[in-house]
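Colleague: Let's see this in three dimensions:
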Amino acid sequence: MVNNNNLNLTKKKEVDAKFSDKDLEAHSFQVKEENMGFKELYEQSLNQIQYGNIAQGKVVQITNDMVMVDVGWKTEGFIPASELKNAQGNINVSVGDEIEVFIDKRDADGNLILSKNKATKLKVWDEIKSACENNTPVKGKVVEKVKGGLSVDIGIIAFLPGSQVDVRPIKDLDQFVGQTMDFKVLKYDRKRNNVVLSRRSIVASERETEKKDILESIQEGSIVQGVIKNITDYGIFIDLGGIDGLLHVTDISWGRITKPSDHFRKGDKITVKVLSFDREKERVSLGFKQLTENPWEHIMEKYPVGSIAEGKVVNLTDYGVFVELETGVEGLVHISEMYWTREIKHPSKVLKVGDEIKVVVLDVNTEAKRISLSLKQTSPNPWEKLKEKYPEGTIVKGVVRNITNFGVFVGIEEGIDGLIHVSDISWKHRVSHPSEYFKKGQEVEAVVEKVDVENEKFSLSVKKMEKNPWEALSQKYAPGSVVNGKITNFTDFGIFVEIEEGIEGLVHISEISQKRVKTSSELYAMGDTVSAVIKSIDPKSKKIRLSIKDAEAPAPSSSNHYLNNKENLGSNLAQALAEVKINQSKGD
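Modeller: All right, here's what the predicted structure looks like:
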């Protein structure tokens, strides 16, 4: 037999003489490979692979359940097909594609198990680590709103706290769902699969850049765009990009704006005009109405006094109705200018917001931006016709509609009442309250005293249905006449005596008796009939002065004339004081 060792040695010498060192090395491996079995080669290739590492592989075969990938060294592994399927359920790789895989493990049969998902996650963790250490941003997509913040997909699911979303508090986090943005990694824990992100510092940096740009470019009179940041009752704060501006409520509209929140929403984009700018304090005053022409500049020409205009009811108050004549121009119809005869407690009883009405322009104040309007003057004034129809002295009939302490309202025509004042109820009787003589629904006759068109008042009188008895009284009873009457009232200053029905005269306490008396009740009682002398009658003030002592005293002689004159002087003074008290008691 031939010695194998000698043969191999001879063969080696032939090869060494024929090939270079590099070729010899390759040839030596080939000879070695030829003398090794497949099992030994497979085990050797496995020894070259480090479990838990990422390797580059080539797809060599695809089945429904598995994708076979060659990772080198004659070694092939398997990836579950589910890891390589897209949203439609189709495998998204082809034979020959180069992919990164994670060397996971061997199964019970010795097959090498690979993972695309784990390779992706491992790579993501490396990127997360690098981003955190180097303070570089990572890109991610906001998946959903969760408790305390947002869930973000950066290759793995990370958490973005609500306080780290923006430089200012954000109430509505839902607006970020679905957006792809840059984030900073605050901290991470690979073992717990936990990553915390922040967007705050990125936004702050962006806003600082924007702020610098806007401060350099902004100037008074320029037109800028911004986003509504906050809405208050006094105005709107607008983010111009790194700097905020205030749109005051008075600069929103040429008309009246009560609540800006009724017209604008937070987050809306808006175009405004820069009214003033303080570069040092970084304060910007903005205007919205200044983007349009001031309608009040030519208001007198468009709405002259006396003209009829059309408008829309925009607001109802206790005192009237605001009518929009055009955008930015409103006028007020005072409640007194709504109807000629119809009495209303609140405009909302007859009108509502949105109603289209015609009005008459009463007055225009361009400085105060106020227009006075009238609804009732679009129709004829019924009070003018009333004055023609019912001249003074006309007797009318009506039904009592209302009774007050100062008089009685009587309905004469639809929507028009006449007033019988308490002083016009009776010539003779002192009326404490009209309800003593009238009831609601009662039909009465009265005389027209006056129709006041300007003040819309209709005055009536019941007592003037009869002649004034006081006018004939002075002719009927001359001074010195003796009359009989009943005592109707006692006072501290005297007694009242009724000489005719409803006609009373005053007997002052000094005129009761020749004797000095402290009180009139010492001599008389209520209802007693007495005789008295008429001292004087005043028809205008409806006052009669009486004297009982003069009716009892004999005619004065010449010897005591001086004394009587002196007594009369004292009596007249006392009478004057008594009249003052009477006037005070009557409220004159």
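Colleague: in this protein, which segments are predicted with low confidence?
Modeller: 1-49, 52, 73-75, 553-588 (pLDDT under 70).
Colleague: residue boundaries of the helices in it?
Modeller: If DSSP state H is used as the criterion, the helices of the chain fall at 4-18, 21-35, 38-48, 116-134, 200-217, 299-302, 382-389, 469-476, 548-552, 561-586.
Colleague: residue contacts, Ala131?
Modeller: Pro137, Val138, Lys184, Val185 (CB atoms under 8 Å, 6 or more residues apart in numbering). Just so you know, the C-beta spots here come from the backbone N, C-alpha and C atoms, and that holds for glycine as well.
Colleague: What residues does the first one make contact with?
Modeller: Translated: Pro137. Contacts of Pro137 by CB under 8 Å, 6+ apart are Ala131, Asp182, Phe183, Lys184, Ile202.
Colleague: Buried members of those residues into PyMOL, please.
Modeller: Selection of the buried residues among these in PyMOL, burial being defined by 16 or more other CB atoms under 10 Å:
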select buried, resi 131+183+184+202
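Colleague: Could you list which of the contacts of Ala131 belong to strands?
Modeller: If you go by DSSP state E, those have Val138, Lys184, Val185 in strands.
Colleague: Which strand residues bridge the second one?
Modeller: Put plainly, it is Lys184. Following DSSP bridges, Lys184 is listed with bridge partners Ser198.
Colleague: What's the separation between it and Val142?
Modeller: From Lys184 over to Val142 the distance is 15 Å, taken as CB to CB, to the nearest Å.
Colleague: all strands for the stretch 301-450 of the chain, in order.
Modeller: Secondary structure of the stretch 301-450 of the chain (DSSP state E, counting those that start in this stretch): strands at 308-316, 320-326, 329-334, 356-365, 370-374, 395-404, 407-413, 416-421, 443-452.
Colleague: what does the stretch 151-300 of the chain give?
Modeller: 157-161, 180-189, 194-198, 223-231, 235-239, 244-248, 269-278, 283-287.
Colleague: So which of those strands is nearest Tyr303?
Modeller: strand 283-287 (24.6 Å; CB to CB).
Colleague: What is that closest one packed up against?
Modeller: strand 244-248, strand 269-278 (3 or more CB pairs under 8 Å, 6 or more residues apart in numbering; DSSP states H and E).
Colleague: Give me the nearest residue to the residue nearest the centre of the chain, chain neighbours excluded.
Modeller: When CA atoms, centre = their mean is applied to the chain, the residue found nearest the centroid is Lys259 (4.6 Å). Excluding its sequence neighbours, the residue lying closest to Lys259 (CB to CB, 6 or more residues apart in numbering) is Asp233, at 6.6 Å.
Colleague: what about that neighbour, how many neighbours?
Modeller: Per other CB atoms under 10 Å, the neighbour tally for Asp233 reads 9.
Colleague: What about the nearest residue to Asp251 once chain neighbours are set aside, how many residues nearby?
Modeller: Closest residue in space to Asp251, ignoring its immediate chain neighbours: Gly287 at 4.2 Å, by CB to CB, 6+ apart. The tally of other residues near Gly287 (other CB under 10 Å) stands at 17.
Colleague: which residues does Gly287 bridge with?
Modeller: Lys273.
Colleague: Now do the same contact list for it.
Modeller: Gly287 neighbours (CB under 8 Å, 6+ apart): Leu247, Asp251, Val272, Lys273, Val274, Leu275.
Colleague: same check, this time on Lys139
Modeller: Counting by CB under 8 Å, 6+ apart, Lys139 has contacts Ile154, Thr180, Met181, Asp182, Phe183.
Colleague: For burial, what's the neighbour tally of the closest residue to the last one other than its chain neighbours?
Modeller: So that's Phe183. Closest residue to Phe183 apart from its sequence neighbours, by CB to CB, 6+ apart: Leu197 at 4.1 Å. By the criterion of other CB under 10 Å, Leu197 has 28 neighbours.
Colleague: With Gly162 instead?
Modeller: Neighbour tally, Gly162, other CB under 10 Å: 16.
Colleague: measure it to Cys132 for me?
Modeller: 21 Å.
Colleague: my guess is Val321 contacts Val313, does it?
Modeller: Yes: taking contacts as CB atoms under 8 Å, Val321 lies within contact range of Val313: 5.7 Å.
Colleague: Give me the common contacts of the two.
Modeller: Leu351.
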